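K.L.:
coords please:
(2 chains)
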Amino acid sequence: MTVAIINSGGANLGSVQHALNRLGVESVLTRDADTIRSAERVILPGVGAAAWSMNALREAELVEVIRALTQPVLGICLGLQLMFDSSEEGDVDCLGLIPGRVRKLEVDDSLRLPHMGWNQVEWVADDPLAAGLDGSEWYYFVHGYAAPVDHAVAVSEHGQRFAAVVRHKNFAACQFHPEKSASAGARILQNFLEI
Amino acid sequence: MVAVRLIPCLDVRDGRVVKGVRFRNHRDMGDIVALAERYRDAGADELVFYDISASPEKRSVDTAWVERVAEAIDIPFCVAGGIRGVDTARAVLHAGADKISVNSPALERPALIDELADAFGSQCVVAGIDSIREDGRWRVRQYTGDPDNMVDPRRDTLSWVTEVQRLGAGEIVLNCMDADGVREGYDIEQLSSVRSICRVPLIASGGAGAPEHFLQAFAEADVDGALAATVFHSGQIAIPDLKAWLHQHQVVVRS
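P.N.:
Model prediction:
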């Protein structure tokens, strides 16, 4: 299987590649449109700020390339947020694959920002990514902004409910880091590869 | 609800894990990757690697072992020691670390935190603070990896905690030096004081010797994570047992 990891310029892209290696799958970190188009699976990772990453994708002329993909695509963390119409972070237009606006998490004084650490998710719709997972698992989150639950197949909560896993056609994404979420995260990645 | 984090701290010197008491008399504890895998399997929520030789010797972190750890484990980890610029930080993050922790170099040049947060986002930037009680106040210490070269940067801990948050630190690890290595409990009074002015995640460090100490840190000082070395390395406290015990005491842990 060919897996393309889109090099959006953020930190720690290698971790996704290591996680796929542990599943016995080789991948390529790339900005090349043809490599991305022809891959059987595409992963859009992201650590950093939305505006900065959207700029990187625009400069690499990848916005339309990503929008036109028909194979299974998995966004991770910021990659999830970039799939929505826009983000409050830097007030930037994003990829517009999923309707809605990403907003800053609103928490009271008893909770910390960013939402950093292990949390659980509630699966609210059937999805191939959920195979073998029942909501008792824990996933590693690091984020200060979050997407609305309208298109969520799994939701989590930190002061408010937010989208933990979203799906729209061939585009899916998780707000947590499956590559850093021990065996539960590995199962999500395995499920993505087996779609 | 987000779970508290149990974080084994692995002090690294010359590519090996070591541990000393009150920062002295370091003993060899084993190979980095073997220990990292052992803790991952035991249910550690995160790992911190302190390259304790890097900062006093003004060396940067050797990224080869960072990459070896990243290849092997699937939980987050943080690297500290000798990160004094954006380029070094980038190399460590690209090698697979999730976060970088800065301590002495941030005291040399506080703008470093701002630069790192700008380049990688606050979520990648941890401020490590070594703090000691002195004349009834908590004061910061610098270059604590080498007791002979330790420096008093003339800063109050509480004001430094406020400043690192303003500069963009996304997490604070507070190492209470009076308690470190002696296993008589975390410094709850100091942690509580810092908690009251800390809006980002706060990690307790120094003093863990019994399950009760972890419970105190979570229940009384409301910290987000607890870092420990000796009790985990020695096998005195097994992480699965500690998690089960904390769960019985109404602390939310990852199972």
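
K.L.:
grab the nearest non-local neighbour of B:G43.
P.N.:
Spatial nearest neighbour of B:G43, excluding adjacent residues (Cβ to Cβ, 6 or more residues apart in numbering or on different chains): B:I239 at 5.0 Å. From N, CA and C alone the C-beta is placed, and that goes for glycine too.

K.L.:
what about the one you found, distance to B:Y39?
P.N.:
Distance, B:I239 to B:Y39, by Cβ to Cβ, to the nearest Å: 7 Å.

K.L.:
was I right to think the residue nearest to B:G43 contacts B:A42?
P.N.:
Yes - assessed by Cβ atoms under 8 Å, B:I239 is found in contact with B:A42 at 4.3 Å.

K.L.:
neighbour count winner among these two?
P.N.:
B:I239 (20 against 16; other Cβ atoms under 10 Å in any protein chain shown).

K.L.:
can you give me the helices in chain B?
P.N.:
Taking DSSP state H as the criterion, chain B carries its helices at B:32-42, B:63-72, B:86-94, B:104-108, B:111-120, B:157-167, B:188-195, B:211-219, B:230-233, B:239-248.

K.L.:
make TSV from the ones you listed and add mean pLDDT to it.
P.N.:
TSV is the format used below for these (pLDDT from 0 to 100):
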stretch	mean pLDDT
helix B:32-42	94
helix B:63-72	92
helix B:86-94	89
helix B:104-108	92
helix B:111-120	92
helix B:157-167	98
helix B:188-195	97
helix B:211-219	98
helix B:230-233	88
helix B:239-248	98
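
K.L.:
what residues are up against the residue nearest in space to the middle of chain A?
P.N.:
The centroid of chain A falls nearest to A:I76 when counting by Cα atoms, centre = their mean (2.1 Å). Contact analysis of A:I76 by Cβ atoms under 8 Å, 6 or more residues apart in numbering or on different chains lists A:V16, A:I43, A:L44, A:P45, A:G46, A:A173, A:C174, A:H177, A:P178, A:E179.

K.L.:
if we go to 10 Å?
P.N.:
Residues near A:I76 by Cβ atoms under 10 Å, 6 or more residues apart in numbering or on different chains: A:5, A:13, A:15-16, A:19, A:43-47, A:173-180, A:185, A:188-189.

K.L.:
beta-bridge partners for it, please?
P.N.:
A:C174 (DSSP bridges).

K.L.:
what of B:V102?
P.N.:
Listed beta-bridge partners, B:V102: B:A127 (assigned using DSSP bridges).

K.L.:
that one and B:A111 touch, don't they?
P.N.:
No - counting by Cβ atoms under 10 Å, B:V102 sits too far from B:A111 to count as a contact (11.3 Å).

K.L.:
neighbour count for these two, which is higher?
P.N.:
More crowded of B:V102 and B:A111, by other Cβ under 10 Å: B:V102, with 26 against 9.

K.L.:
need the contact list for the more buried one.
P.N.:
B:V102 neighbours (Cβ under 10 Å, 6+ apart): B:55, B:80-84, B:89, B:108-110, B:112-113, B:116, B:125-128, B:164, B:169.

K.L.:
just A:V63 next, same as before
P.N.:
A:M54, A:L57, A:L82, A:D93, A:C94, A:L95, A:G96.

K.L.:
quick check: it vs A:L74, distance?
P.N.:
When Cβ to Cβ is the yardstick, A:V63 and A:L74 sit 18 Å from each other.

K.L.:
now A:A164
P.N.:
Taking Cβ to Cβ as the measure, A:A164 falls 14 Å from A:L74.

K.L.:
got the residues of the stretch 1-150 of chain B near chain A?
P.N.:
Within the stretch 1-150 of chain B, the positions lying close to chain A (Cβ under 10 Å from any Cβ of the partner chain) are B:1-5, B:40-41, B:43-46, B:67, B:69-77, B:89-90, B:92-100, B:118-124.
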